[in-house]
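S.K.: Compute the structure for the input listed below.
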Amino acid sequence: MAAAPTVRNPARYWTVPIARAIIALVAGVVITFNAKHSPQLGFVVLGVFAIVTGIVVAVLSWRMLADRVVRSLFVVLGAIGLLTGILALSLQTSGLGMYLYLVSVWAALTGFIELYCGIRSRSKGGPSRDWITAGVLTAVLAVVFLLIPADAVLAVGLFGAYAVVLGVYLGIGGFSLKWGMQHPAAKQQTTEARS
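M.R.: Below you'll find the model as predicted:
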């Protein structure tokens, strides 16, 4: 007996990683092209990134994921993002120590949740590989932010680099899902044409 699918409509799920990729790339570009890598810039970019990503992840996951546990965990992931974003925007004058702490906690929680969802769903196919990789990248960000020296330029720059890497990976993953869903149909049409 085949495992129940994780995604309700696999042909449309590719839009979720693409939306997340766009948000991450915008955050990365804002940091990259800003000359002043201050903690305040880090808080603002983290705040907007976490709020928008949290809303997108929670709403789209609720609509598109079939697995009840994974769907609930992605809604929790979105809520953590929303809460982190609100905290980041309200604490933007709190300094570098608070920025490092907030990014570490957010990255540890969301990285673990996404990694767990990917591992739980890997036998069902779909986006599980992308969830595992995004979870690992985010968890590594948490560890890096715990270990780096207290340097605002380094910390904010690393968050920007993380956002760009995550955005590129999710973009590739999203289009791979889209084109992967079109492949079976194209093969079926070719087979039917030959019959």
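S.K.: from here on, contacts and neighbour counts on C-alpha atoms
M.R.: Will do.
S.K.: List the contacts of stretch 100-119.
M.R.: Contact with stretch 100-119 is made by 46, 70, 73-74, 77, 80-81, 84, 88, 127-139, 141-143, 145-146, 155, as judged by CA atoms under 8 Å, 6 or more residues apart in numbering.
S.K.: buried sites along that stretch?
M.R.: Residues 100, 102-118 are the ones in stretch 100-119 that count as buried (16 or more other CA atoms under 10 Å).
S.K.: can I get the CA coordinates of that stretch in CSV?
M.R.: Extracted in CSV, the C-alpha atoms of stretch 100-119 (Å, rounded to 0.1, in the frame of the first residue of the first chain):
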residue,chain,number,x,y,z
LEU,A,100,22.5,37.5,17.3
TYR,A,101,20.2,35.9,20.0
LEU,A,102,17.0,36.4,18.0
VAL,A,103,18.4,35.0,14.8
SER,A,104,19.9,32.0,16.6
VAL,A,105,16.6,31.2,18.3
TRP,A,106,14.5,31.7,15.2
ALA,A,107,16.9,29.7,13.0
ALA,A,108,17.1,26.8,15.5
LEU,A,109,13.3,26.5,15.9
THR,A,110,12.4,26.9,12.2
GLY,A,111,15.4,24.8,11.0
PHE,A,112,14.5,21.9,13.2
ILE,A,113,10.8,22.0,12.3
GLU,A,114,11.5,22.1,8.6
LEU,A,115,14.1,19.4,8.9
TYR,A,116,11.8,17.2,10.9
CYS,A,117,9.0,17.6,8.3
GLY,A,118,11.4,16.7,5.5
ILE,A,119,12.6,13.6,7.2
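S.K.: Quick one: distance of that stretch to the chain centre.
M.R.: Between the centre of stretch 100-119 and the centre of its host chain there is 10 Å, according to CA atoms, centre = their mean, to the nearest Å.
S.K.: Same check on stretch 130-142?
M.R.: Worked out by CA atoms, centre = their mean, stretch 130-142 lies 8 Å from the chain centre.
S.K.: Please identify the buried residues of that stretch?
M.R.: 130-142.
S.K.: how about CSV for those, with secondary structure added?
M.R.: Shown next, in CSV, are these (DSSP: H, G, I helix; E, B strand; the rest coil):
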residue, secondary structure
Asp130, helix
Trp131, helix
Ile132, helix
Thr133, helix
Ala134, helix
Gly135, helix
Val136, helix
Leu137, helix
Thr138, helix
Ala139, helix
Val140, helix
Leu141, helix
Ala142, helix
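S.K.: which one among these gets closest to Arg20?
M.R.: Ala134 (10.8 Å; CA to CA).
S.K.: Can you list the low-confidence ranges for the protein?
M.R.: Confidence mapping of the chain against pLDDT under 70 gives the ranges 1-5, 8-11, 124-126, 181-195.
S.K.: make it 80
M.R.: Residues of the chain that meet the criterion pLDDT under 80 lie in 1-11, 123-126, 180-195.
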